[in-house]
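Novice: Generate coordinates for the sequence data below:
(one chain, ligands or ions: 1)
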Amino acid sequence: MTGVKQDLELVALTKRYGSTLAVDSISHHFRSSSYTCLLGPSGCGKSSTLRMIAGHETVSEGSILLAGRDISALPPAKRRTAMMFQNYALFPHLSVLDNVAFSLKMKGVDKSERHAKANEMLELVDLTPLAGRLPAQLSGGQQQRVALARALITRPQVLLLDEPLSALDPFLRVRMRSELRKLQKELDISFLHVTHGQDEALALADEVVVMNNAVIEQAGPAREVFNAPKTKFVAQFMGGHNVIALPEGNIAIRTDAVTTTTVPEGRLEARILAVEYQGTHVSVLTRVAGDQEVTALMPDAAFFANPHNPGDRIGLTWDTASQHQLTA
Ligand SMILES: Nc1ncnc2c1ncn2[C@@H]1O[C@H](COP(=O)(O)OP(=O)(O)OP(=O)(O)O)[C@@H](O)[C@H]1O
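Specialist: Numbering: from 1, shown residues only. Model (predicted):
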């Protein structure tokens with residue numbers, strides 16, 4: 001595996017369902033051994049993209065290359081990709097061990113070899129003691145690990161994960177996401193993870209690919225996409241930003257980069273609409289000229305050193321070097 005570039009490349013990839021254009025000619029290069037999150041609102045085409053890569057959906061136009069080879073017409077099992085589904089899709093009547101070994105059985109691998117490989121995978125996901133159980137006898141997090149082991153046993157170059165954490169409670173979700181990240185590093189293969197949660201994407205991804213309306217709106221390292229959104233959609237979807245229409249055009253500025261002044265002498269004059277205490281920070285929601293809402297997220301000590309109340313007229317200011325001009 002090491003040494004050989006296993007990059008995944010999408011070239012003008014398109015998916016139509018009748019008259020619905022679900023994926024509109026997207027092109028992207030996913031580096032090998034990277035963790036990428038495909039992020040976007042419901043219906044933007046994330047799952048269709050993932051399913052085309054996996055081979056569970058036909059490609060309408062364009063191609064999918066893995067390590068330079070066009071895999072778009074190959075059956076799923078021949079692509080060197082594996083998919084982990086949202087609902088895990090485990091066979092209820094098979095033990096954990098047999099669930100994990102299933103794809104090897106389909107390939108005609110003999111019992112002792114497939115059980116040995118399945119045991120290896122169970123060890124990888126810390127499930128060895130539960131090998132004999134049925135899926136119904138496992139917790140949600142354990143079922144998810146079985147699904148992971150079952151996908152990884154095929155030794156894929158790219159693991160495709162469709163909303164893998166959505167069925168878990170919030171506590172387990174945070175724990176499992178660090179396990180996913182650790183596993184990706186250990187295995188040194190690419191993970192391509194679909195999510196509609198920006199927190200999840202920022203926590204996990206080397207690269208974040210933001211989709212909207214069937215196209216890629218912005219892609220880049222997680223910090224870059226968060227800190228320097230290029231469009232209004234990305235700024236609002238990633239959160240933590242104000243989008244403000246100024247005479248020079250629309251800009252994005254992080255809410256924690258905006259500070260308040262007591263008299264309206266800052267960059268913008270504002271009236272406070274609401275003050276929300278959030279523990280470490282205080283969120284000050286204001287309205288500025290043109291009926292626009294702007295939030296200043298201040299460290300609690302800074303706010304309480306000079307507190308404001310709803311109705312107060314204040315100024316808002318920020319370092320212009322922190323603002324980003326938006327292109328759309
Ligand atoms: N099998 C199908 N037949 C017809 N239209 C479909 C089919 N699957 C998806 N679509 C449509 O294609 C578009 C993209 O769907 P897709 O499932 O790829 O989006 P998504 O971003 O994964 O959404 P979600 O986060 O809700 O899963 C949507 O308009 C959807 O209604």
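
Novice: Next, residue 229: secondary structure please.
Specialist: coil (DSSP: H, G, I helix; E, B strand; the rest coil).

Novice: Just give me the neighbour total for it.
Specialist: Applying other C-beta atoms under 10 Å, we find 25 residues neighbouring residue 229. Just so you know, the C-beta spots here come from the backbone N, C-alpha and C atoms, and that holds for glycine as well.

Novice: Contact partners for it?
Specialist: Neighbour list for residue 229: 218, 235, 238, 241, 252, 324, 326 [criterion: C-beta atoms under 8 Å, 6 or more residues apart in numbering].

Novice: let's go with 7 Å and repeat that
Specialist: 218, 235, 238, 241, 252, 324 (C-beta atoms under 7 Å, 6 or more residues apart in numbering).

Novice: what's the most distant pair in those residues?
Specialist: 218 and 241 (13.0 Å; C-beta to C-beta).

Novice: Which of these two has more residues huddled nearby?
Specialist: Taking other C-beta under 10 Å, residue 218 and residue 241 do not tie; residue 241 has more neighbours (26 against 22).

Novice: hey, what's the more buried one bridged with?
Specialist: residue 254 (DSSP bridges).

Novice: quick one: it from the ligand, how far?
Specialist: Taking C-beta to the nearest ligand atom, to the nearest Å as the measure, residue 241 falls 22 Å from the ligand.

Novice: Kindly provide the distance from that residue to residue 294.
Specialist: 10 Å (C-beta to C-beta, to the nearest Å).

Novice: Check residue 64 too.
Specialist: 43 Å.

Novice: Which one's more surrounded, those two?
Specialist: Ranked by neighbour count (other C-beta under 10 Å), residue 64 and residue 294 place residue 64 first, with 23 against 20.

Novice: Isn't the more buried one up against residue 55?
Specialist: No. Between residue 64 and residue 55 there is no contact under C-beta atoms under 7 Å: 8.8 Å.

Novice: Identify the residue nearest the most far-flung residue of the chain relative to its centre in space, chain neighbours excluded?
Specialist: Using C-alpha atoms, centre = their mean, the residue of the chain lying farthest from its centre is residue 263. It sits 41.4 Å away. Leaving aside its sequence neighbours, residue 263 sits nearest to residue 315 (C-beta to C-beta, 6 or more residues apart in numbering; 6.3 Å).

Novice: what does the longest helix along the chain rub up against?
Specialist: Scanning the chain for the longest helix, with DSSP state H as the assignment, gives helix 170-187. Contact with helix 170-187 is made by 35, 140-141, 144, 165, 168, 191, 200, 203-204, as judged by C-beta under 7 Å, 6+ apart.

Novice: now with 6 Å?
Specialist: With contact meaning C-beta atoms under 6 Å, 6 or more residues apart in numbering, helix 170-187 is reached by 35, 141, 165, 168, 191, 203-204.

Novice: So for it, what gets flagged as buried?
Specialist: Neighbour counts over helix 170-187 (16 or more other C-beta atoms under 10 Å) mark 173, 176-177, 180-181, 183-184, 187 as buried.

Novice: pretty sure residue 96 is touching residue 135, no?
Specialist: No. Using C-beta atoms under 6 Å, residue 96 makes no contact with residue 135, being 7.2 Å away.

Novice: the more surrounded of the two?
Specialist: When neighbours are counted by other C-beta under 10 Å, residue 96 and residue 135 differ, and residue 96 comes out ahead with 27 against 18.

Novice: how near is that one to residue 118?
Specialist: In terms of C-beta to C-beta, residue 96 sits 9 Å off from residue 118.

Novice: Now the residue lying closest to residue 125 once chain neighbours are set aside: which helix or strand?
Specialist: Leaving aside its sequence neighbours, residue 125 sits nearest to residue 145 (C-beta to C-beta, 6+ apart; 4.1 Å). Element membership of residue 145 [criterion: DSSP states H and E] is helix 140-152.

Novice: before we move on, what about residue 51?
Specialist: Per DSSP H and E: helix 46-54 holds residue 51.

Novice: Tell me the buried residues in that helix?
Specialist: Those would be 46-54, for helix 46-54 by 16+ other C-beta under 10 Å.

Novice: tell me the contacts of residue 65?
Specialist: Applying C-beta under 6 Å, 6+ apart, the residues near residue 65 are residue 9.

Novice: what's the spacing between it and residue 10?
Specialist: Distance check for residue 65 against residue 10: by C-beta to C-beta, it reads 8 Å.

Novice: Cheers, nothing more for now.
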